[in-house]
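Trainee: Quick one, what's the 3D model for this:
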Amino acid sequence: MHPSSILAAYEKARDDLLAERIPAGHWIGELASSALATATAISAMSLMRKHRASADGGPSDVELGRLIAAGIARLASQANDDGGFGDTDLSRSNIATTMLVVAAMHLAGVEKEHAELLTAANRYIDSLGRIEGLRKRYGEDKTFAVPILTNCALAGLVSWCEVDALPFELAALPQSFFRFMQLPVVSYAIPALVAIGQAKYFHDPPWNPIMRVIRWATVGTSLEVLRIMQPASGGYLEAVPLTSFVTMSLAATGRADHAVAREGLKFIVASARADGSWPIDTNLACWNTTLAMNALSAAGEPLAALGALDWVLACQHRETHPFTGAATGGWGWSDLSGAVPDADDTPSALLALAAILREGKVDSSGESSHHAPPDESATRSVTSTLPRIENAAAMGITWLLDLQNSDGGWPTFCRGWTRQVFDRSGSDLTAHAIRALHAWRDRLPKRVVERIDLATTTGFTYLSEQQKSDGSWLPLWFGNQDHPLEDNPVYGTAKVLLAFRDLDRIDDPAARKGLAWLVRNQNPDGGWGGGPGVKNSTHHAPREEIVTRSVTDTFPETSSLQPGSIVSSVEETSLAVEALIPAADEPQIGSSLTRGLDWLVAAVAENRHRQVSPIGFYFAKLWYYERLYPQTFAVSALGHAVARFATVTPRNPSRHP
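Mentor: This is a model prediction of the structure:
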């Protein structure tokens, strides 16, 4: 180990991360532009412009035309060499995005101008089996396959008989019944179930007269569900694709002037970027902020001095959520109205609040128990806010405990939904929940502690059952596009091992197998994850300057790599390094950790901690990357390394953005 090198890398990564804050003191970040989101936005705007009676109170036809033209130009620049389109500019082509791009160009009426591009795209779609290829990608989950086919049917590219009918009439039943119905879509796609189900009904009604009458009778009631679920921003889940599917379906069935369609259109227009693209979601501000706070806490940075505490507390949901019916107490990924409380953001917020309380402790000598000197005003602020923090934590803990599934694991949004993969319990979510519960265990009443202990025991049982025979775990919401099944065992294994670390169980047999898996799966370059696809990357220069170039141009030290060689990612290497640190004293693990730290230290020195990888999954295998992930993950790993190995304390950073 080279403590001085680790410390220098940490300070650089930390200062870069702190510089990403906005003046209010928290982080917003930036999600990747998405060809898929851009295509769905174009389709929705094209159909709204065609079918609405007037533009009163909404964007004009001229504005929509300008946005559609800019979006088409953006899409035309994003085609891959194989003729297909990927979800981001770093993503491999996939049949879903490519079909949506083709549909958007037809609905926008630009087939002739882009005939060559469309020919190549259709050739790519045909090579994967077209409709059957799409269904193969999603299996029995109709959350995304049916909306895509609906979009294509609205463009005249697919027969309506190929579009499965969705039981939108079930949305008229009480929300608490949904999890017992084994719906063909995930819990968070009820708006798509309603709007797309109705689009199918109006264009291709069922032959069964009884079913036809039932669905006709519930059109109005289920449409009211759409209105109730629509947030103030107009964007369901703050998601452009989901909102676009709802908006285009209403527009094409004579409801373009309905309030839901109009508000959806406003959201789509407001979400447009200057380069003609759309992201899949507005932002991950709450997630990015609590991740950053937890990363900074690893080396004892003064979190209270950041000024983000009140903002994080304000992000907690204090009313029953109309979208999922979630009880009060959870946190979502953003402070915006379309966010929904979930079992990844809530643990992250609880861990950040626990870290703030820990830093408020002062020993008998009057010195802070952490590296940085205490900030008196920040300490006073924490003390005065203590009741609010404890109240928020108590609500969050109850929310998490009530969400746990009967299998011992935690799902993302709703308890008891088990039909679709993205509704089931997840190993990464379960480990995160266990860590958050443990962080607050000693501050809670005995009756709550007893619930936490039981939940923790069953949670670890679930994790042991989910561990693969090779020792790895798979996450729910993260992947690697170069993995044969698009899974990300590095992310999943590392996240689960952090739960064993926090509860001082790193010597458990399951943890030993997980550590051994990480060591065995280290790349030749010393890092983890990544893949050949990382070579065609986007390098994020300081602040907002973004330059697209190959990795070998940006980082000459990679020029000796042979075609097809693995290039590790900062995100996955950081996760693996942090997970190995607790077992650093063991020779084999220590050797692997040293190589990983050397890789990570060099990456920060060469500004590769600003180079992003598409490791994020949105719903239904929709890839994304987030500009802050590599920076935040690097700070967390290096912060833990500093706490373990450094002989001097980090210098104080600037406390203001």
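
Trainee: In stretch 312-322, which residues are buried?
Mentor: Residues of stretch 312-322 classed as buried under the neighbour-count rule (16 or more other CB atoms under 10 Å) are V312, L313, C315, Q316, H317, H321. C-beta here means a position set from N, CA and C on the backbone, and glycine is covered the same way.

Trainee: first vs last residue of that stretch, how far apart are they?
Mentor: Between the opening and closing residues of stretch 312-322 there is a gap of 21 Å (CA to CA, to the nearest Å).

Trainee: if we can go back for a sec, I'd like the buried residues of stretch 312-322 written out as CSV, with pLDDT and secondary structure added.
Mentor: Converted to CSV, the buried residues of stretch 312-322 look like this (pLDDT from 0 to 100; DSSP: H, G, I helix; E, B strand; the rest coil):
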residue, pLDDT, secondary structure
V312, 97, helix
L313, 97, helix
C315, 98, coil
Q316, 98, coil
H317, 96, coil
H321, 86, coil
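
Trainee: could those be laid out in JSON lines, adding distance to D56?
Mentor: Shown next, in JSON lines, are those (distance: CB to CB, whole Å):
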{"residue": "V312", "distance to D56": "39"}
{"residue": "L313", "distance to D56": "40"}
{"residue": "C315", "distance to D56": "34"}
{"residue": "Q316", "distance to D56": "37"}
{"residue": "H317", "distance to D56": "34"}
{"residue": "H321", "distance to D56": "31"}
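
Trainee: nearest to L597, of those residues?
Mentor: The closest of the buried residues of stretch 312-322 to L597 turns out to be V312 (CB to CB; 30.3 Å).

Trainee: wait, doesn't the closest one sit right on T290?
Mentor: Yes. With contact defined as CB atoms under 8 Å, V312 and T290 form a contacting pair (6.4 Å).

Trainee: which residues are in contact with both of those two?
Mentor: Residues touching both V312 and T290 by CB atoms under 8 Å, 6 or more residues apart in numbering: W331, A349, A352.

Trainee: how about these in TSV, adding pLDDT?
Mentor: Listed next are the shared contacts of V312 and T290 as TSV, based on pLDDT from 0 to 100:
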residue	pLDDT
W331	98
A349	98
A352	98
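
Trainee: Tell me the most packed of those residues, by neighbour count.
Mentor: Within the shared contacts of V312 and T290, neighbour counts (other CB atoms under 10 Å) peak at W331, which reaches 30 neighbours.

Trainee: Can you tell me the element that one falls in?
Mentor: If you go by DSSP states H and E, W331 is not part of any helix or strand.

Trainee: That one and D345 touch, don't they?
Mentor: Yes. Between W331 and D345 a contact is recorded at 4.5 Å, counting by CB under 8 Å.

Trainee: anything in contact with each of these two?
Mentor: Joint contacts of W331 and D345 (CB under 8 Å, 6+ apart) are C286, T290.

Trainee: circling back: just the closest of the buried residues of stretch 312-322 to T88, please.
Mentor: For those, the nearest to T88 is C315 (26.3 Å; CB to CB).

Trainee: pretty sure W623 is in a strand, no?
Mentor: Yes. When DSSP: H, G, I helix; E, B strand; the rest coil is applied, W623 is found to be in a strand.

Trainee: Could you check what's spatially nearest to it, not counting adjacent residues?
Mentor: Closest residue to W623 apart from its sequence neighbours, by CB to CB, 6 or more residues apart in numbering: D87 at 4.0 Å.

Trainee: So what's the residue count around that neighbour?
Mentor: D87 has 28 nearby residues by other CB under 10 Å.

Trainee: what sits against it?
Mentor: D87 sits in contact with A32, S34, A35, L36, N94, T97, I280, P614, L622, W623, Y624, where contact means CB under 8 Å, 6+ apart.

Trainee: out of the residues you listed, which are inside helices?
Mentor: Counting by DSSP state H, the contacts of D87 place A35, L36, T97 in helices.

Trainee: Does the second one touch W278 like I think?
Mentor: No. Between L36 and W278 no contact is recorded; they are 9.0 Å apart, counting by CB under 8 Å.

Trainee: More neighbours: the two, which one.
Mentor: Of the pair L36 and W278, L36 is the one with more neighbours under other CB under 10 Å, namely 31 against 26.

Trainee: check contacts around the more buried one.
Mentor: The contact partners of L36, taken as CB under 8 Å, 6+ apart, are F85, D87, A96, T97, L100, P241, I280, L622.

Trainee: now W27
Mentor: W27 makes contact with E20, R21, A285, N288, T289, A292, A308, L628, according to CB under 8 Å, 6+ apart.

Trainee: Just the pLDDT at it, thanks.
Mentor: For W27, the pLDDT comes out at 98.

Trainee: Surely it is in a strand?
Mentor: No. Going by three-state DSSP, the assignment for W27 is coil, not a strand.
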